[in-house]
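Enquirer: sharing a model that was predicted from the sequence below.
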Amino acid sequence: MAFFAYTFVDSTVGLNYVISAISVTVIIVVINIVLCRIETRSRQLPCGTRSAVFVHLAKVLSCEKEQLIKRAKRALLAQHDRKLRQPIALLKEGVLFLILFLI
């Protein structure tokens with residue numbers, strides 16, 4: 001996918017700022033999604049291969065490997081939290097209903 005920060009030739013600086021802020025946000029979200037996929041799939045690889053994957057990504061994204069691994073783990077944990085949010089809420093609701101029913 002390619003994302004472009006469209007800028008309009010206008011005297012309004014605020015419009016350019018909003019458009020570039022939106023494009024940066026979109027790029028960050030896409031990078032986090034890709035990092036989640038890489039983190040999930042690289043766990044099946046041997047340790048050396050997994051490390052090589054993150055070394056290569058760190059060079060491409062111009063950051064440190066350790067930072068990239070931490071970011072990938074945080075993104076994966078956030079994804080799991082989002083998936084579990086609704087079932088946990090339903091479980092809490094069921095427990096409260098059971099407690100009120102027994103009282």
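Expert: Yep, that arrived. Numbers count the residues shown, from 1 in each chain.
Enquirer: any idea which helix is longest in this protein?
Expert: The longest helix of the chain (DSSP state H) is helix 65-102.
Enquirer: can you name the element that comes right after the lowest-mean-pLDDT helix or strand in the chain?
Expert: For the chain, the helix or strand with the lowest mean confidence is helix 13-42, at a mean of 76 (criterion: mean pLDDT, DSSP states H and E). Moving toward the C-terminus from helix 13-42, the next helix or strand (DSSP states H and E) is helix 47-61.
Enquirer: who's in contact with Ile103?
Expert: Going by Cβ atoms under 8 Å, 6 or more residues apart in numbering, Ile103 touches no other residue. Backbone N, C-alpha and C define where each C-beta goes, glycine included.
Enquirer: mind checking how far it is from Leu96?
Expert: With distances taken as Cβ to Cβ, to the nearest Å, Ile103 is found 11 Å from Leu96.
Enquirer: if I look at the most centrally placed residue in the chain, how far off is Leu76?
Expert: Centroid check for the chain by Cα atoms, centre = their mean gives Asn32 as the closest residue, at 3.1 Å. As for Asn32, its distance to Leu76 is 9 Å (criterion: Cβ to Cβ).
Enquirer: if I read this right, Thr40 contacts Lys73, doesn't it?
Expert: No. Here Thr40 lies out of contact with Lys73, judged by Cβ atoms under 8 Å, at a distance of 10.8 Å.
Enquirer: rewinding a little: so the residue nearest to the centre of the chain sits right up against Lys73, yeah?
Expert: No. Asn32 lies out of contact with Lys73 (Cβ under 8 Å); the separation is 11.4 Å.
Enquirer: point out where the protein drops to low pLDDT.
Expert: 1-22 (pLDDT under 70).
Enquirer: again, only this time at 90
Expert: Along the chain, the model assigns pLDDT under 90 to residues 1-35, 43, 57, 60-63, 75, 79, 97-103.
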